[in-house]
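A.B. asks: Whatever this is, show me its structure:
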Amino acid sequence: MTTRRGRPTQAEATKLDLTVREAAVATFVELGYAGASMEAIARAAGITKRSLYARYADKRAVFADVIPWALARFTDEVTLEEVDGDDVEATLLMLGRAALSRATHPQNVRLKRIALNEAPLFPEFNVSAKSMMWAGRQRAVTDTLRRFDESGAIKVDDLELAAEHFLAMVEAVPARMADFGVFRSKEQQERHLRYAVRLFLHGVMPR
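C.D. replies: Predicted coordinates:
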């Protein structure tokens, strides 16, 4: 005798929501907004269209939800434990490499292009600039700067503003280049990153 499966646990539901979001992002990247469909998204997620419609009213609702989420993510590879070192320069270099990897990843470049193309149809994207692109990365950098500021290793008056300028120095130009299909070599990227980190540290080290 088999027992009937009950409602999914919270952990299972969270995992499924993540699966659906990632499948939707992959579908939009592959097919674009116009070419994507609820059927294609459901198929990519391994669920029925009925299950997808239980989460989202239509394709527009999916797009409006997953695009800011995808663009605001920091990185899957860097954890808080990994940036918990005592070396300021080494920690900022690690954060910088993660930010560069995310900003210049071909899938994210493609996703940003799609988002920009469709932005006029989605006014909710303009509600807050913090909801997209740098949100996760800026939080990670801000928290790191706060920790080093409290330890006395650096001196920062405005942590959020300093984090924003750090990211601008590290990734703004490479990300813009990537928009046009131009990518620096790993050696060039590392050279530019190290210079940016040293320049930033020159401005925040205690006098």
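A.B. asks: residues contacting the residue most central in space within the chain?
C.D. replies: In the chain, the centroid-proximal residue (C-alpha atoms, centre = their mean) is R73; its distance is 2.6 Å. For R73, the contact set (C-beta atoms under 8 Å, 6 or more residues apart in numbering) comprises R102, G136. Just so you know, the C-beta spots here come from the backbone N, C-alpha and C atoms, and that holds for glycine as well.
A.B. asks: how's the protein carved up into domains?
C.D. replies: 10-69, 73-204 (automatic domain parsing).
A.B. asks: List the contacts of Q189.
C.D. replies: Neighbours of Q189 in contact, by C-beta under 8 Å, 6+ apart: L100, P174.
A.B. asks: Now name the helix or strand holding it.
C.D. replies: helix 186-204 (DSSP states H and E).
A.B. asks: Can you give the distance from that helix to the centre of its chain?
C.D. replies: 21 Å (C-alpha atoms, centre = their mean, to the nearest Å).
A.B. asks: now stretch 172-189
C.D. replies: Taking mean C-alpha positions (C-alpha atoms, centre = their mean), stretch 172-189 and its chain are 17 Å apart.
A.B. asks: just stretch 198-205 next, same as before
C.D. replies: 25 Å.
A.B. asks: Please work out which residues outside that stretch touch it.
C.D. replies: Here stretch 198-205 has contacts from V88, E89, L92, L145, I154, K155, V156, A162, H165, F166, M169, using C-beta under 8 Å, 6+ apart.
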